[in-house]
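# sequence and predicted structure below; questions after.
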Amino acid sequence: MAKNLLIVESPAKAKTIEKILGKDFEVKSCYGHIRDLEKDDMGIDINNYYQPRYIVPDEKQKVVSDLRKLAKGREVWLASDEDREGESISWHLAEVLNLNPKETKRIVFHEITAPAIKKAVANPRFINMDLVNAQQARRVLDRLVGFELSPVLWKKIGMQRSLSAGRVQSVAVRLIVEREREINSFISESSFKIEAFFTAEDIQKKPINFKAENSSKITNAKNAEQFLESCKNATYTVIDIIVKPAKRTPAAPFTTSTLQQEASRKLGYGVSKTMLLAQKLYESGYITYMRTDSVNLSDTAMQDIKNQITELYSNKYYQPRKFKNKNESAQEAHEAIRPTYMSNHTIADDETKKLYELIWKRTIASQMSDAEFEKTIATINISTNNDQLTASGEVMKFDGFLKVYLEGRDDEDDDNNEDVLPPLTKGQVLVFNKMTATEKFTRPLPRYTEASLVKKMEDLGIGRPSTYAPTISTIIKRNYVEKRDKEAIKRNVQIVTLSNNAQIDKKIIQENTGAEKAKLFPTDLGLVVTDFLTQHFNAVMDYSFTAQIEKEFDEIAEGKIKWNSMIDGFYKPFHKNIEHTLENAERAKGERELGVEEGTGKKIVARMGRYGAMVQIGDTNDKEKPRFAKLKPTQSIETITLEEALELFALPKTIGEYKGQELSVNVGRFGPYIKLGEQFISIPKGIDLFDIDVERAIQLIEEKQQADAPIAHYNELPVTKGKGRFGPFIKWNNMYINVPKKCDFENLNQSDIEELIEAKLNKEANRYIQQWADEKISIENGRWGPFIRFNKKMLKLGKKPDGTKYDAAELETIDLDTIKKMIEEQVPNAFAAKAKKAVTKRATKKK
């Protein structure tokens, strides 16, 4: 048995490091966090200077038990990640394994390579309690904000008990809400862009077409036409030429934020996917640590990069650089994200290959020479009105870092691209082809993508590298924000053209505008919650205040302030504000009046309801009950019009008959659908149910019937297939069976189907220890041992009266009443509530 036990966070990392360290070390994983705050009463003793109460969750009990056994009689080394979260995990491990934090060896490394790991083992340190306290302060503060703010939302907004608020997540939603309102209130203005198109010869005497622009701002079509009229039969002469050098400099190597942004632009990856793949690359030893706000490169890395540049491209492409960190503290790590060995230009793993190559290119480009250009600006005189045009272009003289990499941009504008000009001389008269005045429209700032939101948060100092991805995942999961596409709309564009025969032509074309892909939109719930929090908790929602909190976490990590004092300074005024809001604030309605119904005069409002945004006609005080209609997914309380609202009440809408049965469309709990008799067929995303006629409905029905047709039979029962929320599946005997990636879903054969069904049957046979189907109660085998399933809840199995656990044989014979008592201990009134509900129902009926 190895005399040393080294504990890391992930199994993948453990395997790699164990190979490096050899027989003297056994390397085991703790599978991430092994302790967390108690759920009851926040898990924080407010009266004891905010001391946290930690517990080992049930799913981690076995992990801790195994590590305790392995640690006996051996020296334990802690090697969790190098950031504050990793330092905190090491401290929790020391606590549960009864290790002395002041004596237990703690090692950190930026990359999983043999030199880095051996160097770390040769230079161990102890647990840094300043880093631990900085992470502990973040966790305690976020728990206080979440636990105290969320009940305020339940009481003052209601609708969903899943409502929650968080220190960083609420501010992130506010950014998205404010951008959405800027876009909605933006009034686009049009102007006309003047462009003249000429021909001149290049050095080989070949004709080259190029364009020149007039800088005057022309606001209407009449003035645009007048300008073109004034240019009829003009001579166009070059009156000035300026040639000057220009250069472009490479971007710094990746930080967490810039990696997320660039992977979004170039690869189309979401923030969470980028971090998942980066984690895999790090744990496999391919890149350095992926949660960092530093742009530094180690001396070893700089030498490695130099060798690659000179070997691949020659010495003239090498230009060493030291980049400066934007964030002065840059506490999350000491180095940028880079490949561990620059000689590995690519890797074999298909899943992570693209991201690795992006990191390699960015790293090597950061130490390459500037790209050099020659920029030419020609001024052209119009003889008839003495106005001027400007033509500009550039020629690359030396590609430098552009030989490898060019940084992407958000919402790139093609108009910014520079043309290449032919050689021009002062006094040269140009061959005129045509001149156009094209209507252009001002545009609002674009909606955020995941990556551009991360950039904005970083610029404002909100959050840190380890928090960006979880924050975005949370606000989407909580239904405050949705990530979706927006379809383009048509817009008329006026174009006036002066041809070389002095004729003026006017036409109107249509262009698509407003299309957006994978952008973040606030939901109506997000709008209402943001308005309420901004009104009553302005400090928590303030950008500079949130950034200041992050700076204070940095100061705790540096040992400058005590974490308890920092929490106390925040919590006391915050708690007073909570109490005042609960007592005095009005309930948030999220209501907007649209108008009145013609004929009845009843008020029409768009508002939030228990199940989301809706339109209501009438009032609860009217004799007739109000009527309600749910908003479409693409509609919002803030922008819906009266006409659009009334259209919603046309549902359910009968559109005809098919095979002697009525055909109608409607919107239900799970979205829009077609109803044929008693059959319901979901309408796919992107299809407006108001556009569906009989022919389109029949097409969708037949497609559904074809998709539901049996693909095989098993035990004489049909097998069908489909794609659901959790991916592709087959269905047999009312049993849904997931189809793994290793199977070719489109070409499943009888053998594949039999194997999938039999595997599922074997799994289900071992699933239940006991089952009471009528009561919706069962004892099941789980990953971490047996548990109780009650309805959809997964509950712990209690212990026997003597405090010991039930063994497998005892669970097979345990009675239902004992299980019910265990359920009631965890879900108070679990069975009384059902009875009470039934009594209430009967009483109402009698009345």
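Perfect, I can see it now. Numbering: from 1, shown residues only.
# ok, Tyr15 - contacts?
Check again: residue 15 is Lys, not Tyr. Contact analysis of Lys15 by Cβ atoms under 8 Å, 6 or more residues apart in numbering lists Val27. Using the backbone N, CA and C atoms, a C-beta is placed for each residue, glycine as well.
# helix or strand for it, which one?
helix 11-21 (DSSP states H and E).
# lowest-confidence helix or strand of the chain?
Ranked by mean pLDDT, DSSP states H and E, the helix or strand of the chain with the weakest confidence is helix 832-846, at a mean of 44.
# now Tyr341. Its backbone dihedrals?
phi -130, psi 110 (degrees, to the nearest 10).
# isn't it up against Asp304?
Yes. Between Tyr341 and Asp304 there is a contact at 7.1 Å, judged by Cβ atoms under 8 Å.
# tell me which stretches of the stretch 451-600 of the chain form helices.
Per DSSP state H, counting those that start in this stretch, the stretch 451-600 of the chain carries helices over the ranges 468-477, 524-536, 538-541, 543-557, 563-584.
# as a markdown table, these with distance to Gln771 would be great.
Output for the helices of the stretch 451-600 of the chain, formatted as a markdown table (distance: least, Cβ to Cβ, whole Å):
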| stretch | distance to Gln771 |
| --- | --- |
| helix 468-477 | 31 |
| helix 524-536 | 38 |
| helix 538-541 | 47 |
| helix 543-557 | 49 |
| helix 563-584 | 44 |
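# looking at the ones you listed, which is closest to Pro672?
helix 524-536 (18.1 Å; Cβ to Cβ).
# now the closest one and helix 563-584, what's the angle there?
Angle of helix 524-536 versus helix 563-584, following axes from the mean of the first three to the mean of the last three Cα atoms, to 10 degrees, is 100 degrees.
# kindly calculate the angle that helix 524-536 makes with helix 468-477.
For helix 524-536 against helix 468-477, the angle by the same axes, to 10 degrees is 110 degrees.
# which residues touch helix 524-536?
Counting by Cβ under 8 Å, 6+ apart, 149, 152-153, 156-157, 159-160, 163, 165, 170, 173-174, 176-177, 180, 475, 479-481, 522, 540-541, 577, 581, 585, 588, 590, 608, 612-613, 631, 636-638 sit against helix 524-536.
# show me where pLDDT drops low in the stretch 301-450 of the chain?
Where the stretch 301-450 of the chain drops to pLDDT under 70, the residues are 327-333, 409-418.
# now do the helices in it.
If DSSP H, counting those that start in this stretch is used as the criterion, the helices of the stretch 301-450 of the chain fall at 350-365, 450-460.
# tell me which element Ala707 is part of?
Per DSSP H and E, Ala707 falls inside helix 694-708.
# just put the helices of the stretch 301-450 of the chain in JSON lines and tack on distance to Gly595.
Output for those, formatted as JSON lines (distance: least, Cβ to Cβ, whole Å):
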{"stretch": "helix 350-365", "distance to Gly595": "52"}
{"stretch": "helix 450-460", "distance to Gly595": "35"}
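# Glu85: which of the ones you listed is closest?
helix 450-460 (17.8 Å).
# helices or strands up against the closest one?
Secondary-structure packing of helix 450-460 (3 or more Cβ pairs under 8 Å, 6 or more residues apart in numbering; DSSP states H and E): helix 167-185, helix 256-267, helix 271-283, helix 468-477, strand 516-522, helix 543-557.
# looking at the ones you listed, which is buried most?
Greatest average neighbour count among those goes to helix 256-267 (a mean of 23), per mean count of other Cβ atoms under 10 Å.
# with adjacent residues omitted, what lies nearest to Glu487?
Nearest residue to Glu487, sequence neighbours excluded (Cβ to Cβ, 6 or more residues apart in numbering): Ala515, at 6.3 Å.
# neighbour count: Tyr341 and Asp304, which is higher?
Of the pair Tyr341 and Asp304, Asp304 is the one with more neighbours under other Cβ atoms under 10 Å, namely 21 against 16.
# now the closest residue to the more buried one other than its chain neighbours: phi and psi?
Spatially, and ignoring its direct neighbours in sequence, Asp304 is nearest to Met342 (4.5 Å; Cβ to Cβ, 6+ apart). Phi and psi for Met342, reported as degrees, to the nearest 10, are phi -70, psi -20.
# over to the one 5 residues further on?
The phi and psi torsions at Ile347 (degrees, to the nearest 10) take the values phi -130, psi 170.
# so who does the closest residue to it other than its chain neighbours touch?
Leaving aside its chain neighbours, Ile347 sits nearest to Tyr356 (5.1 Å; criterion: Cβ to Cβ, 6+ apart). Residues near Tyr356 by Cβ under 8 Å, 6+ apart: 281, 286-287, 339, 346-347.
# for ChimeraX, what selects the buried ones among the residues you listed?
Of those, the buried ones can be selected in ChimeraX as follows, counting by 16 or more other Cβ atoms under 10 Å:
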select :281,286,287,339,347
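# let me know the closest of the contacts of Tyr356 to Ala502.
Ala502 has its nearest neighbour among the contacts of Tyr356 in Thr346, at 58.8 Å by Cβ to Cβ.
# that older thread, who does the helix holding Ala707 touch, helix- and strand-wise?
On a contact count with 3+ Cβ pairs under 8 Å, 6+ apart, helix 694-708 meets strand 653-658, strand 661-668, strand 671-676, strand 679-682, strand 717-724.
# okay, buried residues for the helix ranked longest in the chain please.
Secondary structure of the chain per DSSP state H: the longest helix is helix 129-156. Within helix 129-156, the residues that qualify as buried are 130-150, 152-153, 156, counting by 16+ other Cβ under 10 Å.
# stretch 374-391 now?
If you call a residue buried by 16+ other Cβ under 10 Å, then stretch 374-391 has these buried ones: 376, 378-382, 387, 389, 391.
# give me the contact list for that stretch.
With Cβ under 8 Å, 6+ apart, stretch 374-391 has contacts from 194, 196, 198, 210-216, 227, 230-246, 392-395, 397, 418-419, 421, 424, 430.
# with stretch 595-609 instead?
157, 159, 524-525, 528, 589-594, 613-619, 622, 628, 631, 637, 640, 642, 645-646.
# how much space separates Glu678 from Asp130?
67 Å (Cβ to Cβ, to the nearest Å).
# in this structure the residue nearest to Asp304 contacts Ala365, no?
No. Using Cβ under 8 Å, Met342 is not in contact with Ala365; the gap is 11.8 Å.
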